[in-house]
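A.B. asks: With the sequence up front, the predicted model follows.
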Amino acid sequence: MFTTALALNEKTEQGDLPLDLFAAIENLKKELNAVILAHYYQEPDIQDIADFIGDSLQLAKAAAHTNADVIVFAGVHFMAETAKILNPDKMVLLPDLNAGCSLADSCPKEAFAAFKAAHPNHLVVSYINCSAEIKAMSDIICTSSNAVKIVQQIPKDQPIIFAPDRNLGRYVMEKTGRDLVLWEGSCVVHETFSEKKIVQLKIAHPEAEAIAHPECETSVLRHASFIGSTAALLKYCQQSSSQEFIVATEPGIIHQMQKQAPDKRFIPAPPLNNCACNECPFMRLNTLEKLYYVMKNRSPEIILPENIRRAALRPIQRMLEMSL
Ligand code: 13P
Ligand code: SF4
């Protein structure tokens, strides 16, 4: 565990920060009977203090099975919302309510309702990276790890709308041979990777394998020897005999890759510009300090209208049944 927390002993707008944040968070965890669920894109300190780290599907499953009274979700809003949909009687906390998602934002409910109305008789399969309102309008939810498996289970003559990620949608089309009606949404992070820079890296590191998340554009995916969700990428790196990887997804995952395979080398795929825009600006809003404050203040909390929660629960349950 890093010890940046030891340097923190300062007054902030929200009050004093304890000297040892890790110990303070552990104490709050016991006091609240809380579980900390964290996505692989969280900063290393948060991953290290979490009780469970996973991809979207693993986190949804962990949220569905926890016995804790309080779920502290170190991830983005739609993930915490999914935990609340599955656990209406538990308190679900998110360290920063502004931790949104460009994909979820790319699919506003009014426009999506019109899109759905323009495609009658279509089944709606929505990527979990969407708001509770979009989930409530969907028939089945999927994540990047089960999207192909779920679409394959739908009868071939059933027309399908796939929302909101066009890149994952195209990938599923290619894998299943199905013709999907795509909503044109995308992720700001995964669309930032540069094909040219990945090719240059492959030339500079001829032994390295390029691996990618299916939210990347086709121009990037075609250079990858393996495509999968964050959990699948992690597993692949452990099992592959390669010693070097060019990783085309948010670089937060590299913390776990490095922990699980300390002798291997992981090179983050570079973005188009010389910026840090391969880091998810929403995921990175969560910090260890905010994790402490959200547990201390029991706020911000995820609250959902019951009618939306109930309607959103049905397609999530369908996903969980279809991805056993
Ligand atoms: P995973 O399904 O791999 O967790 O992806 C979530 C995500 O937000 C990717 O950008
Ligand atoms: Fe959303 Fe992209 Fe961030 Fe994932 S990486 S949470 S899809 S903005």
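C.D. replies: Here it is on my side, so go on. Numbering: from 1, shown residues only. Ligands and ions are numbered 1, 2, ... in the order given.

A.B. asks: what about the residue nearest to Pro270 when sequence neighbours are not counted, neighbour count?
C.D. replies: Spatial nearest neighbour of Pro270, excluding adjacent residues (Cβ to Cβ, 6 or more residues apart in numbering): Lys197 at 4.3 Å. No exception for glycine: its C-beta is placed from N, CA and C like everyone else's. A count of neighbours around Lys197, defined by other Cβ atoms under 10 Å, yields 15.

A.B. asks: what's the spacing between the host helix or strand of Lys197 and its chain's center?
C.D. replies: Lys197 belongs to helix 195-204 when assigned by DSSP states H and E. Once both centres are worked out by Cα atoms, centre = their mean, to the nearest Å, helix 195-204 turns out to sit 26 Å from its chain's centre.

A.B. asks: helix or strand right after that helix?
C.D. replies: Next element after helix 195-204 (DSSP H and E): strand 209-212.

A.B. asks: Pull the contacting residues for the most centrally placed residue in the chain.
C.D. replies: Taking Cα atoms, centre = their mean, the centroid of the chain lies closest to Ser56, which sits 4.9 Å from it. Contacts for Ser56 (Cβ atoms under 8 Å, 6 or more residues apart in numbering) come out as His39, Met79, Ile128, Asn129, Thr143, Ser144, Ser145, Ser229.

A.B. asks: Among these, which one lies nearest to Pro251?
C.D. replies: His39 (13.1 Å; Cβ to Cβ).

A.B. asks: Tell me if I'm right that the closest one and Gln58 touch.
C.D. replies: No. Using Cβ atoms under 8 Å, His39 makes no contact with Gln58, being 9.4 Å away.

A.B. asks: Out of these two, name the residue with the larger neighbour count.
C.D. replies: In terms of neighbours (other Cβ under 10 Å), His39 is the more surrounded of His39 and Gln58; the figures are 26 against 19.

A.B. asks: Determine the number of other residues adjacent to the spatially closest residue to that one that is not a sequence neighbour.
C.D. replies: Leaving out its chain neighbours, the residue that sits closest to His39 by Cβ to Cβ, 6+ apart is Gly75, at 3.9 Å. Per other Cβ under 10 Å, the neighbour tally for Gly75 reads 27.

A.B. asks: and Gly75, what does it touch?
C.D. replies: Contacts for Gly75 (Cβ under 8 Å, 6+ apart) come out as Leu37, Ala38, His39, Tyr41, Gln42, Leu59, Leu94, Ala99, Met283, Asn286.

A.B. asks: Just the buried residues of those residues.
C.D. replies: For the contacts of Gly75, a burial check counting by 16 or more other Cβ atoms under 10 Å picks out Leu37, Ala38, His39, Tyr41, Gln42, Leu59, Leu94, Ala99, Met283, Asn286.
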